[in-house]
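# after the sequence you'll find the predicted model.
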Amino acid sequence: MMNVSRRTFLAGSASLAGLAVSGCVSTTSDPEFYIPSQDPAYLSMYRAMPEERFPLPAINLKKVPDQYYRQQVDYPTSERVGTLVVDTSNYYLYLVQENGKAMRYGVGLGRAGFEWSGRARIARKSAWPKWTPPDEMIEREPELEKWSWRNGGMPPGPENPLGARALYIFQGNQDTLYRLHGTAEYWTIGSAVSSGCVRLMNQDIIDLHGRVPVGTPIVVL
């Protein structure tokens with residue numbers, strides 16, 4: 001059974017799913033600037049990745065508060081090792097590890113009206129995925145019709161809203177239409193701007209994609 005803390009997690013709610021379906025786009029303003037960490041580990045963690053299918057630039061750490069950098073933290077929890085936990089109140093995603101630890105990632109979340117919570121699983125993973133806007137989004141923004149499922153979706157690449165990797169969230173055998181995915185708009189981490197999905201810096205979603213297998217349980221608080 002689901003454990004829903006704020007609102008129903010899409011079960012039997014096709015209309016909400018249609019609104020939220022991996023829209024994953026945002027309208028952002030110029031980011032604030034922060035004092036970046038000079039820790040060589042972080043500079044290496046968020047380096048340019050020319051080896052990727054579509055080369056990624058380095059993250060400008062001046063545009064991301066350092067609490068959202070990927071890091072191992074103390075995280076006592078009753079969730080079993082390997083579970084993903086999205087803390088929507090604090091814009092964190094945790095991968096539960098042994099001995100009361102977790103790998104923590106900063107995330108961006110959906111705007112008001114698109115929040116969701118509950119239990120599900122990662123049913124599929126994709127490197128450099130296509131993006132297909134839902135019909136409901138196309139109705140609001142007809143110019144997106146060229147990327148509809150009827151036209152094969154938006155091909156992968158730097159401009160694709162799903163970024164470098166995507167993890168697809170299912171509840172049972174039903175696709176919830178929500179994703180954990182990358183974003184080139186890394187300055188949006190720690191804020192609510194997208195149309196429903198959980199976004200990570202591209203370097204972070206690549207790391208997470210490599211750590212979690214298909215079938216990984218996920219809890220959204």
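It's in. Model, not experiment: these values are computed from the prediction. Numbering: from 1, shown residues only.
# just the helices in this structure please.
Residue ranges of the helices in the chain, as given by DSSP state H, are 14-20, 40-45, 135-140, 202-211.
# against which helices or strands is the third one packed?
Packed against helix 135-140 by the contact rule (3 or more C-beta pairs under 8 Å, 6 or more residues apart in numbering; DSSP states H and E) you find helix 14-20. For the C-beta atoms, the positions are set from N, CA and C on the backbone; glycine is no exception.
# I'd like the average pLDDT over the helix it packs on.
For helix 14-20, mean pLDDT is 36.
# ok, H209 - contacts?
Residues near H209 by C-beta atoms under 8 Å, 6 or more residues apart in numbering: K125, A127, R165, L167.
# including pLDDT, neighbour count and distance to T188, could those residues go into JSON lines?
Formatted as JSON lines, the contacts of H209 follow (pLDDT from 0 to 100; neighbours: other C-beta atoms under 10 Å; distance: C-beta to C-beta, whole Å):
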{"residue": "K125", "pLDDT": "98", "neighbour count": "18", "distance to T188": "22"}
{"residue": "A127", "pLDDT": "98", "neighbour count": "14", "distance to T188": "22"}
{"residue": "R165", "pLDDT": "98", "neighbour count": "23", "distance to T188": "17"}
{"residue": "L167", "pLDDT": "97", "neighbour count": "24", "distance to T188": "18"}
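# just curious, which of the residues you listed is nearest to A58?
Nearest to A58 among the contacts of H209: R165, at 17.5 Å, using C-beta to C-beta.
# about what we covered before: farthest pair in the contacts of H209?
The distance between the two most remote of the contacts of H209 (C-beta to C-beta) is 10.8 Å, for A127 and L167.
# how close does the spatially closest residue to K63 that is not a sequence neighbour sit to K62?
Distance criterion C-beta to C-beta, 6 or more residues apart in numbering; nearest residue to K63, sequence neighbours excluded, is W187 at 4.1 Å. W187 sits 9 Å away from K62 when distances are taken as C-beta to C-beta, to the nearest Å.
# with E141 instead?
E141 sits 32 Å away from K62, going by C-beta to C-beta.
# how about W131?
Counting by C-beta to C-beta, the gap from W131 to K62 is 28 Å.
# compare those two (neighbour count), which wins?
W131 (23 against 12; other C-beta atoms under 10 Å).
# what's the pLDDT at that one?
88.
# ignoring the adjacent residues along the chain, who's closest to it?
M154 (4.4 Å).
# give the contact list for that neighbour.
Contacts of M154 by C-beta under 8 Å, 6+ apart are K130, W131, T132, W147, N160, P161.
# give the bridge partners for V96, please.
Beta-bridge partners for V96, by DSSP bridges, are A102.
# how about it, what does it touch?
Listed by C-beta under 8 Å, 6+ apart, the contact set of V96 reads Y75, T77, E79, R80, V81, G82, T83, L84, V85, A102.
# strands - which of the residues you listed land there?
L84, V85, A102 (DSSP state E).
# where does the closest residue to the first one other than its chain neighbours land on pLDDT?
Taking C-beta to C-beta, 6+ apart as the measure, L84 lies nearest to I218, with 4.2 Å between them; neighbours along the chain are not counted. We note a pLDDT of 97 for I218 in this prediction.
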